[in-house]
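Novice: Give me the fold of what follows.
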Amino acid sequence: MPPLNLSNLSISVKLLFSSYLLVIAIGYGVALVQIMMTHGMADGKIGLSIEDIVYNYYGNRSGSLMESKLNGSMKANLPDSERFKIIQWVRDGADQGRYEAEIKPIVEQRCILCHNAQSGGLPDYTRFENIKERTQSNSGATIASLTRVSHIHLFGIAFIFMFVGIIFSLTTGVPCRLKSTVIIMPYVFLMMDITSWWLTKLNPNFALLVIVGGGGMAMAFVFMWVVSMYEMWILPRKLPFPNRRHALLRH
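Specialist: Numbers count the residues shown, from 1 in each chain. This is a model prediction of the structure:
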């Protein structure tokens with residue numbers, strides 16, 4: 001029996017593996033877009049930068065979280081006039097009486113659709129105390145949010161790369177040492193990525209490690225994806241040895 005590899009799989013198995021890889025690739029792309037639209041807008045500019053990482057995890061401790069969001073990822077969600085009014089209210093001390101008279105109508109019109117009791121991970125802005133909490137000094141991600149996101153990423157991404165790695169392990173055109181290195185890389189960079197979130201929360205100098213960790217995972221994913229798809233659909237089918245010999249004799 002010939003060794004199992006991607007090029008000599010049946011069409012049905014190739015379609016199964018390819019469908020999985022395609023869906024995961026689309027999901028990966030959507031995740032990158034989501035990161036750019038949230039984390040990547042923390043400094044108010046398009047594109048992920050070191051400053052974005054620092055603002056998200058360490059915070060901008062010279063101002064409030066509310067102001068950072070309004071000048072960053074939430075900037076496009078309301079007109080400048082209303083955004084400036086909320087920022088000025090925050091800077092003036094976030095008085096509740098003024099909130100009821102001037103700010104609450106803006107929040108109800110622009111924010112409550114997403115920031116409500118059923119929003120899951122987002123703060124509930126139907127309660128004034130939740131808004132007041134975010135008018136204090138911006139210290140970045142909370143311990144609770146880091147814990148929640150860390151365990152989700154550890155479980156979810158580990159499962160994704162386990163199946164991508166199983167498919168990639170059936171390739172034949174990659175040297176064994178390189179193949180082993182590429183298979184283990186996502187887990188190394190995943191641990192680096194998540195550990196650097198916590199380190200950046202303590203010290204902004206670790207922010208670069210977040211980008212290195214995420215970039216390393218992306219590089220490993222792209223390499224395994226491209227090589228796996230190439231060997232399934234472009235590389236000539238590897239026939240068992242007896243069949244290859246008979247094919248040569250026929251010629």
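Novice: Contacts only, for Ile183.
Specialist: Gly165, Phe168, Ser169, Met224 (Cβ atoms under 8 Å, 6 or more residues apart in numbering). C-beta here means a position set from N, CA and C on the backbone, and glycine is covered the same way.
Novice: What distance do you get for the third one to Met36?
Specialist: According to Cβ to Cβ, to the nearest Å, Ser169 and Met36 sit 32 Å apart.
Novice: Does Ile26 lie in a helix or a strand, and which?
Specialist: helix 11-37 (DSSP states H and E).
Novice: what's the next secondary structure element after that helix?
Specialist: Where DSSP H and E defines the elements, the next helix or strand beyond helix 11-37 is helix 50-57.
Novice: hmm, who's touching that following helix?
Specialist: Here helix 50-57 makes contact (Cβ under 8 Å, 6+ apart) with 39-43, 60, 68, 72, 138, 140-141, 146, 197, 200-201, 204, 207-208, 210-211.
Novice: Does anything pack onto the helix or strand hosting Val149? Which helices or strands?
Specialist: Using DSSP H and E, Val149 maps to helix 143-168. Secondary-structure packing of helix 143-168 (3 or more Cβ pairs under 8 Å, 6 or more residues apart in numbering; DSSP states H and E): helix 11-37, helix 176-202, helix 207-233.
Novice: List the buried residues of that helix.
Specialist: Leu146, Ile157, Ile160, Phe161, Val164, Gly165, Ile167, Phe168 (16 or more other Cβ atoms under 10 Å).
Novice: Same question for stretch 76-85.
Specialist: Using 16+ other Cβ under 10 Å as the test for burial, stretch 76-85 gives Leu78, Glu82, Arg83.
Novice: re earlier: CSV for the helices and strands packed on helix 143-168, including mean pLDDT?
Specialist: Below are the helices and strands packed on helix 143-168 laid out as CSV (pLDDT from 0 to 100):
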stretch, mean pLDDT
helix 11-37, 94
helix 176-202, 96
helix 207-233, 96
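Novice: Next, format the ones you listed as JSON lines and append distance to Asn5.
Specialist: Formatted as JSON lines, these follow (distance: least, Cβ to Cβ, whole Å):
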{"stretch": "helix 11-37", "distance to Asn5": "11"}
{"stretch": "helix 176-202", "distance to Asn5": "12"}
{"stretch": "helix 207-233", "distance to Asn5": "7"}
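Novice: what's the closest of the ones you listed to Ile112?
Specialist: Closest of those to Ile112 is helix 11-37, at 20.2 Å (criterion: Cβ to Cβ).
Novice: which helices and strands sit right next to that closest one?
Specialist: Other helices and strands packing on helix 11-37, by 3+ Cβ pairs under 8 Å, 6+ apart, are helix 143-168, helix 207-233.
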